[in-house]
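Peer 1: Have a look at this fold, sequence not included:
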């Protein structure tokens, strides 16, 4: 067995455990804050959802939904349920929260991952080319488009793409089609990644070690696509953690515009109707997805750059 | 021009424009014109059969109520008069309303609503950004000048909020507050929510600057002459001034989009109160989007403002990272 591998893997394992614990704490804090906020909101599921007016009926509904208990009790109850993978019952849909989440969360996750995949697949190779040849034809074409799209908000992008789809039929505009929502999320993301990759490649090529490599007679193509690319991985992977939150954030508006049945609409309905457990459940799954995304990004960074393991 | 001033000037111009804009509105933003539901933008003509003329328009006539087809009454050219009766542009009263950007589902003039709503949308974004700046500068300044455990704890909180998706944070906070409020209350509430969701990014930057400054000689001198943490922070914060000015240019477009998103979801200003977000809310009607694309005018307006502000902030790699993480 190679004696050099063991300490690295052990370091990585310890790093992974630390990050997992942080992620767990993050998810629990987010869910309990959501529960407390939803519980403290004026009005509750009993007054919000039905026409019943008599005080006894209201009290009966509150007792059924445990809304007459203190917040602390409810929080403890929710944590108890979590241990049995029971996230409570939605008062709005009158069914278990886990079932609703199992239906909706994968759709948001799918939307976000498809957007990320499209963006990475288009932007990273383009960024390599524009970074290696900043005055080339590709760079002249791509750079202005990227700079314009970097600040295109997903809400506006989704409206524009939907309008384009409706008036030209170049894209499917039907509900349930992934094209419009995924593209709306991917466009600003791709533009950002292209700019970053381009910058990272340009920086790597200007560094003394690659200058020396070029002087040794390594062909330019190999210099860019092997040597510079390896160095550009670190800054680009570094941005992934930040990007995940912004993709998630953008998905709320995009899901709304394109009627994509994901977590966004579910959470909105839950908040408006004071459905405490559904709000908490959505926050729980959303936080878990973000934590998972960050964990993958951190792990990738740690593999590429061992210094990360010590820093975090 | 200094780079910082070059970045802030466009924002200042926009603010002036937003203050002047309501006075330029050709019609009253709340007036519902009969028979103008989803009326298309009126064309401004400068030429008729006899040759070139001063700009004029033909009155709009409803040709088919069911199909919402509109035509021009070619027999009655109406000269456009500029800056008369307190309106920037108008046609004589018997020509009906001047709808340069068309009308919405209630027959209201979109251009007027756009001009009046600009102040509200930009105002709430600016108020939120300034609130976020003040909060962020105080927290970041305090963390940076104190250092140690306080610093660590405050930055942990900032990082925690930074990871959360901004749109959802605003959705939950706004949704758990009373849903129907007066426009003034909504303004204050949204500005407050935007400040709360945008301070961590500012605080991170300020903290980094202040922490570097703390090692400098003048900070040492201040400490030696007995300055406490608050006094020291007061000395160190000006070093972050340039950063804060740049940050406001990044935050305003992000929060402008946030206002649009929140109002779009029906959690912002009441429907009758024109803001770019409430106008967009109406535009999102899939069947009308293809037929009345002029309803998307506020989306274009938002995009123009965002581009104008971001183009001047010089899109370098580090700015990009800042732009994404402050985008909600």
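Peer 2: Alright, I've got the coordinates. These numbers were taken from a predicted model, which means no experiment stands behind them. Residues are numbered from 1 along each chain as shown, chains lettered A, B, ... in the order given.
Peer 1: burial measure for residue B:34, as a count.
Peer 2: 8 (other C-beta atoms under 10 Å in any protein chain shown). Heads up, the C-betas are built off the backbone N, CA and C, glycines and all.
Peer 1: go on, the one 10 residues further on?
Peer 2: Using other C-beta under 10 Å, residue B:44 has 13 neighbouring residues.
Peer 1: which residue sits closest to it, ignoring its sequence neighbours?
Peer 2: Leaving aside its chain neighbours, residue B:44 sits nearest to residue B:55 (5.2 Å; criterion: C-beta to C-beta, 6 or more residues apart in numbering or on different chains).
Peer 1: Check which helix or strand that neighbour maps to.
Peer 2: Using DSSP states H and E, the element containing residue B:55 is strand B:51-57.
Peer 1: partner strands of the next helix or strand after that strand, parallel or antiparallel?
Peer 2: Next along the chain after strand B:51-57, taking DSSP H and E as the criterion, comes strand B:60-64. Using DSSP bridges, strand B:60-64 pairs in its sheet with strand B:69-72 (antiparallel).
Peer 1: Can you give me the buried ones in the strand it pairs with?
Peer 2: B:70, B:72 (16 or more other C-beta atoms under 10 Å in any protein chain shown).
Peer 1: Look up the closest residue to whichever residue of the stretch 101-250 of chain A sits closest to chain B, ignoring the ones flanking it.
Peer 2: Nearest residue of the stretch 101-250 of chain A to chain B: residue A:249, at 3.5 Å (C-beta to the nearest C-beta). Distances taken as C-beta to C-beta, 6+ apart put residue B:165 closest to residue A:249, at 3.5 Å, once the chain neighbours are dropped.
Peer 1: So the one you found versus residue A:244, what's the distance?
Peer 2: Using C-beta to C-beta, to the nearest Å, residue B:165 is found at 9 Å from residue A:244.
Peer 1: so what sits against both of the two?
Peer 2: Shared contacts of residue B:165 and residue A:244, defined by C-beta atoms under 8 Å, 6 or more residues apart in numbering or on different chains, comprise residue A:290.
Peer 1: pLDDT below threshold where in chain A?
Peer 2: Along chain A, the model assigns pLDDT under 70 to residues A:1-9, A:45-53, A:309-312.
Peer 1: Apart from its chain neighbours, what residue comes closest to the residue positioned nearest the centre of it?
Peer 2: The residue lying closest to the centre of chain A (C-alpha atoms, centre = their mean) is residue A:244, at 3.4 Å. Excluding the flanking residues, the one nearest residue A:244 by C-beta to C-beta, 6+ apart is residue A:293, at 3.8 Å.
Peer 1: Residue A:169 - how many residues pack around it?
Peer 2: 9.
Peer 1: ugh, typo on my part, it should be residue B:38
Peer 2: Using other C-beta under 10 Å: residue B:38 sits among 17 other residues.
Peer 1: and it, that's in a strand?
Peer 2: No. Residue B:38: not assigned to a strand; according to DSSP: H, G, I helix; E, B strand; the rest coil it is coil.
Peer 1: pretty sure it contacts residue B:288?
Peer 2: Yes. The criterion here is C-beta atoms under 8 Å, and residue B:38 meets it with residue B:288 at 6.8 Å.
Peer 1: So what's the residue count around residue 67?
Peer 2: Went with chain A since none was named. Neighbours of residue A:67 (other C-beta under 10 Å): 19.
Peer 1: switch to chain B, that's the one I care about
Peer 2: Neighbours around residue B:67, by other C-beta under 10 Å: 8.
Peer 1: three-state assignment of it?
Peer 2: Assignment for residue B:67 (three-state DSSP): coil.
Peer 1: Distance of it relative to chain A?
Peer 2: 18 Å (C-beta to the nearest C-beta, to the nearest Å).
Peer 1: Contact partners for residue B:87?
Peer 2: Neighbours of residue B:87 in contact, by C-beta under 8 Å, 6+ apart: B:25, B:26, B:27.
Peer 1: I figured the second one was touching residue B:86, is that so?
Peer 2: No. Under the criterion of C-beta under 8 Å, residue B:26 lies out of contact with residue B:86, with a separation of 10.5 Å.
Peer 1: Of those two, give the one with the bigger neighbour count.
Peer 2: residue B:26 (19 against 8).
Peer 1: mind listing the helices for the stretch 151-300 of chain B?
Peer 2: B:166-175, B:183-213, B:217-224, B:229-236, B:241-264, B:276-283, B:286-291, B:297-312 (DSSP state H, counting those that start in this stretch).
Peer 1: Could you identify which of those helices has the lowest mean pLDDT?
Peer 2: Here the lowest mean pLDDT among those goes to helix B:286-291, at a mean of 76.
Peer 1: can it be found next to chain A?
Peer 2: Yes. For helix B:286-291 and chain A, the contact criterion (C-beta under 8 Å from any C-beta of the partner chain) is met by B:286, B:289, B:290.
Peer 1: what's that helix packed up against?
Peer 2: Counting contacts by 3 or more C-beta pairs under 8 Å, 6 or more residues apart in numbering or on different chains; DSSP states H and E, helix B:286-291 is packed against helix A:154-168.
Peer 1: Next secondary structure after the helix it packs on?
Peer 2: helix A:179-206.
Peer 1: Which residues belonging to that following helix are considered buried?
Peer 2: A:179-205.
Peer 1: same question, stretch A:260-277
Peer 2: Buried-residue list, stretch A:260-277, by 16+ other C-beta under 10 Å: A:260, A:262-277.
Peer 1: ok, the residues of helix B:286-291 next to chain A vs chain A, which is closest?
Peer 2: Looking at these and their distance to chain A, the nearest is residue B:290, at 4.1 Å (C-beta to the nearest C-beta).
Peer 1: Can you list the residue ranges for helices in the stretch 1-150 of chain A?
Peer 2: Here the stretch 1-150 of chain A has its helices, by DSSP H, counting those that start in this stretch, at A:5-40, A:45-49, A:55-64, A:71-83, A:97-132, A:137-150.
Peer 1: now the fifth one, how far from the chain's geometric center?
Peer 2: Its chain's C-alpha centre and that of helix A:97-132 lie 8 Å apart, by C-alpha atoms, centre = their mean, to the nearest Å.
Peer 1: Just the residues contacting stretch B:284-297, thanks.
Peer 2: Here stretch B:284-297 has contacts from A:159-160, A:162-163, A:166-167, A:173, A:256-257, B:38, B:40-41, B:68, B:101-102, B:104-105, B:110-111, B:114, B:264, B:279-280, B:282-283, using C-beta under 8 Å, 6+ apart.
Peer 1: Just the buried subset of these, written out for PyMOL, thanks.
Peer 2: In PyMOL, this line selects whichever of those come out buried by 16+ other C-beta under 10 Å:
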select buried, (chain A and resi 159+160+162+163+166+173+256+257) or (chain B and resi 38+40+41+68+101+102+104+110+111+114+264+279+280+282+283)
